[in-house]
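Q: coords please:
(one chain, ligands or ions: 2)
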Amino acid sequence: MVRIAPSLLSCRFAELGREVKTVDEAGAEWIHVDVMDGRFVPNITIGPLIAGAVRGVTQRTVDVHLMIEEPDRYIADFARAGADVITVHAEAARHLHRTLELIRSLGKRAGVALNPATPLSAVEEVLDGIDLLLVMTVNPGFGGQAFIPRSLDKLARARALVEAHRPGEVEVQVDGGVSEKTAPALVAAGATVLVAGSAVFGHPRGAAAGVAALRASVEGISWDERGR
Ligand code: DX5
Ligand code: ZN
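A: Ligands and ions are numbered 1, 2, ... in the order given. Predicted coordinates:
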C-alpha cells in the first residue's frame, strides 16, 4: 500500500492549519514535517512547537524528518509534541543504535534517513531497530530540487535489503523530487511512502489536486505482487 506524505515545507506557513486540513481531507495518510537546523543542512525551518501545532489539527500520521545534528537532544521534545514517526539521519547520529532505541522507548516509530552519498551499509547493523528507511532522492535542505536519477537503483536495493531481513515490516520512504512523473517508478522499485512538497503544494489546481494526481499516478503499481 502506498501512502502519500505531503511535505509542509512547501505549504503557505501563514495558513498552516488550513493547509494541513486540505491534504488530510484529500486523503494524504501522512503529514511530513521537515526540521532543519542550519548545521546539518544549510536551511533552518521549524521545531517541536510547530510540530505540535500540526498534531493539533490532524489525526493523520505525523512524520517528523529531523535534518539536525545531535538529534538525541530533541527527540523527546518531538515525541511530546505528538510525532508518530521520528526519522534521523544516519550521518548525524553518532550512536545510531542508541538513538533508534531512544525513539522506540518513547513509543514512536523509528526511521533512518540516508543522504544520496551515503551507502545502504550505513543501516545494515541497525535493521532490527527501524520501522522506516528513508532514501533521500535529493540532497536535503530545500524543496523543489530535481530528483537524482541514480537514487532509483539505490531505492530498489534498499527494498531488497529490508525484505531480506524484515520481510513486510519496514516502510521504505522517498523524499525529494517526487512527482506524478517520478512516483510510478519509485513505487515499482519499492517505495511505500511518497514524500512530496512542491508536487502537492505547488500543484496548479491546489494541494488537494496535487494529492489526487500523485495517487492516480501510482494506481495499480506495487513493488510486490501481493500489493502490500
Ligand atoms: C528536502 C526535504 C523534503 C522537501 C521535498 O530536504 O526533506 O521533504 O520538502 O520537497 P520536494 O518534494 O519539493 O522535492
Ligand atoms: Zn523531508
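
Q: and His32, what does it touch?
A: Residues near His32 by C-beta atoms under 8 Å, 6 or more residues apart in numbering: 5-8, 63, 65, 175, 195, 197. For glycine as for every other residue, the C-beta is placed from the backbone atoms N, C-alpha and C.

Q: how does it look with 10 Å?
A: Contacts for His32 (C-beta atoms under 10 Å, 6 or more residues apart in numbering) come out as 4-9, 23, 54, 61-65, 85, 87, 173, 175, 193-197, 200.

Q: check Thr87 too.
A: The contact partners of Thr87, by C-beta under 10 Å, 6+ apart, come to 32, 35, 63-67, 71, 103, 109-113, 130-134, 173, 175.

Q: mind listing what the strand or helix carrying it pairs with, with the direction of each?
A: Element membership for Thr87 (DSSP states H and E) is strand 85-89. Here strand 85-89 is paired, per DSSP bridges, with strand 61-67 (parallel), strand 109-114 (parallel).

Q: which of the contacts of His32 are close to ligand 1?
A: Contacts with ligand 1 within these, as defined by C-beta under 6 Å from any ligand atom: 7, 9, 65, 175, 195-197.

Q: any idea which of these has the most stuff around it?
A: Within the ones next to ligand 1 among the contacts of His32, neighbour counts (other C-beta atoms under 10 Å) peak at Ala196, which reaches 31 neighbours.

Q: for the closest residue to that one other than its chain neighbours, give its distance to Ala113.
A: Excluding its sequence neighbours, the residue lying closest to Ala196 (C-beta to C-beta, 6 or more residues apart in numbering) is Val178, at 4.4 Å. Distance of Val178 to Ala113, computed by C-beta to C-beta, to the nearest Å: 14 Å.

Q: try His165
A: 18 Å.

Q: hang on, the earlier thing: mind checking which of the strands paired with strand 85-89 is nearest Pro149?
A: Of all those, the one in closest proximity to Pro149, counting by C-beta to C-beta, is strand 109-114 (16.5 Å).

Q: buried ones in the following helix or strand past the closest one?
A: Once the chain leaves strand 109-114, the next helix or strand it forms, by DSSP H and E, is helix 121-124. Applying a neighbour-count criterion of 16 or more other C-beta atoms under 10 Å, one finds Val123 buried in helix 121-124.

Q: stretch 124-132 now?
A: Buried residues in stretch 124-132, defined by neighbour count with 16+ other C-beta under 10 Å: 126-127, 129-132.

Q: residue contacts, Ala212?
A: Going by C-beta under 10 Å, 6+ apart, the list of residues near Ala212 reads 4, 26-28, 180, 200, 203, 205-206.

Q: in helices, which of these appear?
A: Using DSSP state H, Val200 are the members of the contacts of Ala212 that sit in helices.

Q: just the buried subset of the contacts of Ala212, please.
A: Buried subset of the contacts of Ala212 (neighbour count, 16+ other C-beta under 10 Å): 4, 26, 28, 180, 200, 203.

Q: of the residues you listed, which belong to strands?
A: Of the buried ones among the contacts of Ala212, the ones assigned to strands by DSSP state E are Ile4.

Q: alright, calling it a day.
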